[in-house]
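K.L.:
take a look and give me a structure for this.
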Amino acid sequence: MRRESHALSESLHRSGPWLDGYGYAMLAEGGRSSGRPTDVLVDGKHELR
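P.N.:
Residues are numbered from 1 along each chain as shown. Alright, predicted model coming up:
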């Protein structure tokens, strides 16, 4: 799986706070299918690899 999007404060929860949203894509067998950089979390920071 590859994360395609990350939206900050995209949905209002019924208890009051705004929630972040994430969108994911399934990759074809064999790993990365597009050759585009992938966003990864390293030591709490996002990096493109």
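K.L.:
would you list the strands that the longest strand anywhere in the chain pairs with, along with their directions?
P.N.:
Secondary structure of the chain per DSSP state E: the longest strand is strand 2-12. Sheet pairing of strand 2-12 (DSSP bridges) gives strand 18-25 (antiparallel).
K.L.:
following the strand it pairs with, which helix or strand comes up?
P.N.:
strand 39-42 (DSSP states H and E).
K.L.:
so which elements touch the next helix or strand after that following strand?
P.N.:
Past strand 39-42, further along toward the C-terminus, the next helix or strand under DSSP H and E is strand 45-48. In terms of contacts (3 or more C-beta pairs under 8 Å, 6 or more residues apart in numbering; DSSP states H and E), strand 45-48 is packed against strand 39-42. C-beta here means a position set from N, CA and C on the backbone, and glycine is covered the same way.
K.L.:
thinking again about what came up before, what does the longest strand of the chain contact?
P.N.:
18-25, 27, 32, 38-39 (C-beta atoms under 8 Å, 6 or more residues apart in numbering).
K.L.:
from the residues you listed, which has minimum pLDDT?
P.N.:
Least confident entry in the contacts of strand 2-12, by pLDDT: R32, with 54.
K.L.:
the longest strand of the chain - what's its average pLDDT?
P.N.:
87.
K.L.:
gap between it and the chain center?
P.N.:
7 Å (C-alpha atoms, centre = their mean, to the nearest Å).
K.L.:
tell me the buried residues in that strand?
P.N.:
Neighbour counts over strand 2-12 (16 or more other C-beta atoms under 10 Å) mark R2 as buried.
K.L.:
dump the C-alpha coordinates for it into CSV.
P.N.:
Extracted C-alpha coordinates of strand 2-12, given in CSV (Å, rounded to 0.1, in the frame of the first residue of the first chain):
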residue,chain,number,x,y,z
ARG,A,2,1.1,3.6,-0.6
ARG,A,3,-0.3,6.7,1.0
GLU,A,4,-1.7,8.9,-1.7
SER,A,5,-3.0,11.8,0.4
HIS,A,6,-3.0,13.4,3.8
ALA,A,7,-5.6,16.0,4.5
LEU,A,8,-5.5,18.1,7.7
SER,A,9,-8.7,18.8,9.6
GLU,A,10,-10.8,17.3,6.8
SER,A,11,-13.7,15.8,8.8
LEU,A,12,-15.7,17.1,11.7
